[in-house]
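Trainee: Have a look at this fold, sequence not included:
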């Protein structure tokens, strides 16, 4: 359940990172600020129960991969094989961290 928070937080990270680049009116800035709030709230809540270093690495890795892919799909960023290989390596590292961490609570973390 707590890892789901991390994945949703990374999903919203993609929106706010793109928003920081492309927002140009009050509505898009509102969406960007909302995405920042949701993203960080969920990441912080997950970090209270799961190991914070792993949570942050997974959050940033998934957000980075999602942002790169979104820029290619929606904003006509050039598709380069080298970029896709590096994103794949990043995702393999994120998956590896998730697999070796598991769902156990970190020592001294609060439960909610």
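Mentor: Here it is on my side, so go on. Remember, predicted model here, so these are calculated numbers, not experimental data. Residues are numbered from 1 along each chain as shown.
Trainee: can you pull the pLDDT of residue 99?
Mentor: Residue 99 is assigned a pLDDT of 85 by the prediction.
Trainee: actually residue 104, sorry about that
Mentor: For residue 104, pLDDT reads 56.
Trainee: And residue 25, its phi and psi?
Mentor: Here is the backbone geometry of residue 25 (degrees, to the nearest 10): phi -150, psi 170.
Trainee: Buried residues of the helix or strand bottoming out on mean pLDDT in the chain, list them for me.
Mentor: Every helix and strand in the chain was compared by mean pLDDT, DSSP states H and E; the lowest is helix 81-101, with a mean of 89. By 16 or more other CB atoms under 10 Å, the buried positions in helix 81-101 come out as 87, 90, 94, 97-98, 101. Bear in mind the C-beta positions are built from the backbone N, C-alpha and C, glycine included.
Trainee: Against which helices or strands is that helix packed?
Mentor: Judged by 3 or more CB pairs under 8 Å, 6 or more residues apart in numbering; DSSP states H and E, helix 81-101 is in contact with helix 52-74.
Trainee: what is the mean pLDDT for the helix it packs on?
Mentor: 91.
Trainee: now it and helix 81-101, what's the angle there?
Mentor: Per axes from the mean of the first three to the mean of the last three CA atoms, to 10 degrees, the angle that helix 52-74 makes with helix 81-101 is 150 degrees.
Trainee: in helix 52-74, what counts as buried?
Mentor: Buried residues in helix 52-74, counted by 16+ other CB under 10 Å: 54-55, 57-59, 61-69, 71-72.
Trainee: Ok, stretch 21-38 next?
Mentor: Applying 16+ other CB under 10 Å to stretch 21-38 flags 23, 32, 35-36, 38 as buried.
Trainee: cool, and stretch 42-54?
Mentor: Buried-residue list, stretch 42-54, by 16+ other CB under 10 Å: 42-43, 45-47, 49-51, 54.
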